[in-house]
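In: task: produce atomic coordinates for the following.
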Amino acid sequence: MRPLLLAASLLLAGCDPGASPLPTDMPAHDPAATEVTVRLSDGKGGLTEPRRVPKVVRTDEQWRAQLGEERFRILRAKGTERPFCGTLLDNKKSGTYHCAGCDLPLFSSDAKFDSGTGWPSFFQPVAKENVAALLDRSHGMVRIEILCARCDGHLGHVFEDGPPPTGQRHCLNSESLEFRERK
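Out: Numbering: from 1, shown residues only. Predicted coordinates for the structure are as follows:
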């Protein structure tokens, strides 16, 4: 009975439980990969062409030492900060949001919008290669988790209720990000 109720609720919500809801415009997360194709900062405010780089891999102890407890809880243990409390929610400066774990550029202020959800939201990543997608069935929901493609850091989730031109809302944790202001 429970599987039937779950399938019915997914269909009512517009989800096909048999289909893969992963976005086709970003890579699927591959935990076994040792290298990934990403676009790095070019040092002039832009990005390089896509290139293969090693994944950033550390032990939990190394991540804790680098990130501190709260960032570790979010980036490595897939936690979520409380809504309307993140330090980057109301940031209006121009620049780029980088992964707090490995410094990969992830989102541009040009794609940021006020979603009213309480978390920084963007309609697209700075480069589709830099953000990976993973089906997340935790907490009794079916969502798309987004991760840093280079270090597998948990960023947040992506939803199909954002503004044009993509219709996507990448809902992120401030603790997953470091902001670099554009000069």
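
In: strands along this protein, start to end?
Out: Here the chain has its strands, by DSSP state E, at 35-38, 51-54, 95-99, 105-108, 112-113, 121-122, 131-136, 143-148, 154-159, 169-172, 177-181.

In: any idea which of the ones you listed scores lowest on pLDDT?
Out: Note on these: lowest mean pLDDT is at strand 131-136, with a mean of 91.

In: nearest to Gly68, out of the strands of the chain?
Out: Minimum separation from Gly68 across the strands of the chain (CB to CB) falls at strand 177-181, 12.9 Å. Just so you know, the C-beta spots here come from the backbone N, C-alpha and C atoms, and that holds for glycine as well.

In: what strands flank that closest one, and is each parallel or antiparallel?
Out: The pairing partners recorded for strand 177-181 under DSSP bridges are strand 95-99 (antiparallel).

In: what's the angle from the partner strand to strand 143-148?
Out: Put simply, strand 95-99 runs at 100 degrees to strand 143-148, going by axes from the mean of the first three to the mean of the last three CA atoms, to 10 degrees.

In: returning to that earlier point: now the strands of the chain in JSON lines, with distance to Ile74 and mean neighbour count?
Out: Rendered in JSON lines, the data for these read as follows (distance: least, CB to CB, whole Å; neighbours: other CB atoms under 10 Å):
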{"stretch": "strand 35-38", "distance to Ile74": "21", "mean neighbour count": "18"}
{"stretch": "strand 51-54", "distance to Ile74": "23", "mean neighbour count": "12"}
{"stretch": "strand 95-99", "distance to Ile74": "12", "mean neighbour count": "22"}
{"stretch": "strand 105-108", "distance to Ile74": "14", "mean neighbour count": "24"}
{"stretch": "strand 112-113", "distance to Ile74": "19", "mean neighbour count": "16"}
{"stretch": "strand 121-122", "distance to Ile74": "16", "mean neighbour count": "26"}
{"stretch": "strand 131-136", "distance to Ile74": "14", "mean neighbour count": "20"}
{"stretch": "strand 143-148", "distance to Ile74": "12", "mean neighbour count": "22"}
{"stretch": "strand 154-159", "distance to Ile74": "6", "mean neighbour count": "24"}
{"stretch": "strand 169-172", "distance to Ile74": "10", "mean neighbour count": "25"}
{"stretch": "strand 177-181", "distance to Ile74": "10", "mean neighbour count": "17"}
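
In: would you convert these into JSON lines that also reports distance to Leu88?
Out: Formatted as JSON lines, the strands of the chain follow (distance: least, CB to CB, whole Å):
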{"stretch": "strand 35-38", "distance to Leu88": "21"}
{"stretch": "strand 51-54", "distance to Leu88": "25"}
{"stretch": "strand 95-99", "distance to Leu88": "7"}
{"stretch": "strand 105-108", "distance to Leu88": "10"}
{"stretch": "strand 112-113", "distance to Leu88": "9"}
{"stretch": "strand 121-122", "distance to Leu88": "11"}
{"stretch": "strand 131-136", "distance to Leu88": "16"}
{"stretch": "strand 143-148", "distance to Leu88": "16"}
{"stretch": "strand 154-159", "distance to Leu88": "12"}
{"stretch": "strand 169-172", "distance to Leu88": "8"}
{"stretch": "strand 177-181", "distance to Leu88": "6"}
